[in-house]
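Colleague: just coords:
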Ligand SMILES: Cc1cc2nc3c(=O)[nH]c(=O)nc-3n(C[C@H](O)[C@H](O)[C@H](O)COP(=O)(O)O)c2cc1C
């Protein structure tokens, strides 16, 4: 199913076509595509180039490892994410090497995810990011060292069948995508004064 952004001005095809589905096909993500996703994230910019992002990769054909990663999602997300062929658990290093706090660790990790999302769309893949994760479980299961925090998870794969979802999940899948107007996010001169563009 396609749910392109209805934009007032044209944007890149990959940005237009990206959306966050819950109906994944169980078709595996080719290794080469997975490597492309990892490279795309790797080349994101970051504050002082410290690259605070870290990813735990779990593919469905990894068996137990996939189930372990899946169990780190909240139940509501497990329900649909279990069908995706690839899960990522995302963490960030919260300090610089000198021990000082890196206030941009989450920002930069999000930016790496944005890179990965665009690359995924270019490869015909879909990605659904999730805040609904069990943070302590990830820390314990994977032995995150001090100074690292869990950020989010993502389910990645090809689109499946919309009708494989029912109830509320189906409703959310077919719901139109919406965004605030540009005038509510872009200001000039003063707060809340829409940018005159
Ligand atoms: C950081 C982040 C956390 C999210 N957490 C969840 C989540 O736990 N469960 C879920 O179903 N969707 C989650 N989403 C998906 C958002 O609801 C979705 O991106 C948003 O509604 C916009 O829809 P679109 O991505 O299709 O444009 C999350 C997205 C992001 C970026």
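Modeller: Received it, and whenever you're ready, just let me know what you need. As the structure is a prediction and not an experimental result, all values here were calculated from the model.

Colleague: what parts of the chain come near the ligand?
Modeller: 19-20, 77, 129-132, 152, 177 (Cβ under 6 Å from any ligand atom). Any C-beta I mention is one placed from the backbone N, CA and C, and that applies to glycine too.

Colleague: report the buried members of those.
Modeller: Buried members of these, scored by 16 or more other Cβ atoms under 10 Å, are 19-20, 77, 129-130, 152.

Colleague: quick check: closest non-adjacent residue to the most centrally placed residue in the chain.
Modeller: Residue closest to the mean C-alpha point of the chain, counted by Cα atoms, centre = their mean, is residue 129 at 3.4 Å. In space, and not counting its chain neighbours, residue 129 is closest to residue 154: 4.8 Å by Cβ to Cβ, 6 or more residues apart in numbering.

Colleague: quick check, the one you found in a strand?
Modeller: Yes. Secondary structure of residue 154 (DSSP: H, G, I helix; E, B strand; the rest coil): part of a strand.

Colleague: the residue nearest to the centre of the chain: what's it in contact with?
Modeller: For residue 129, the contact set (Cβ atoms under 8 Å, 6 or more residues apart in numbering) comprises 20, 113, 117, 152-154.

Colleague: the longest helix along the chain packs against which elements?
Modeller: Using DSSP state H to define each element, the chain has its longest helix at helix 105-122. Under the contact criterion of 3 or more Cβ pairs under 8 Å, 6 or more residues apart in numbering; DSSP states H and E, helix 105-122 touches helix 13-17, helix 31-42, strand 53-59, strand 86-93, strand 126-130, strand 148-157.

Colleague: quick one, which of the ones you listed is nearest to residue 65?
Modeller: Evaluated over those, closeness to residue 65 peaks at strand 53-59, with 5.0 Å, by Cβ to Cβ.

Colleague: for that closest one, give the mean pLDDT please.
Modeller: Per-residue pLDDT values over strand 53-59 give a mean of 98.

Colleague: same question for stretch 146-164.
Modeller: On average, stretch 146-164 scores 98.

Colleague: got the buried residues for that stretch?
Modeller: So stretch 146-164, judged by 16+ other Cβ under 10 Å, has buried residues 148-160.

Colleague: quick one: which of the contacts of residue 129 is nearest the ligand?
Modeller: Comparing these against the ligand with Cβ to the nearest ligand atom picks out residue 20 as the nearest, at 3.4 Å.

Colleague: ok, now which ones touch residue 96?
Modeller: The neighbours of residue 96, taking Cβ under 8 Å, 6+ apart as the test, are 48, 50, 102.

Colleague: excluding sequence neighbours, find me the nearest residue to the last one.
Modeller: With Cβ to Cβ, 6+ apart as the criterion, residue 102 has its nearest non-adjacent residue at 5.1 Å, and that residue is residue 96.
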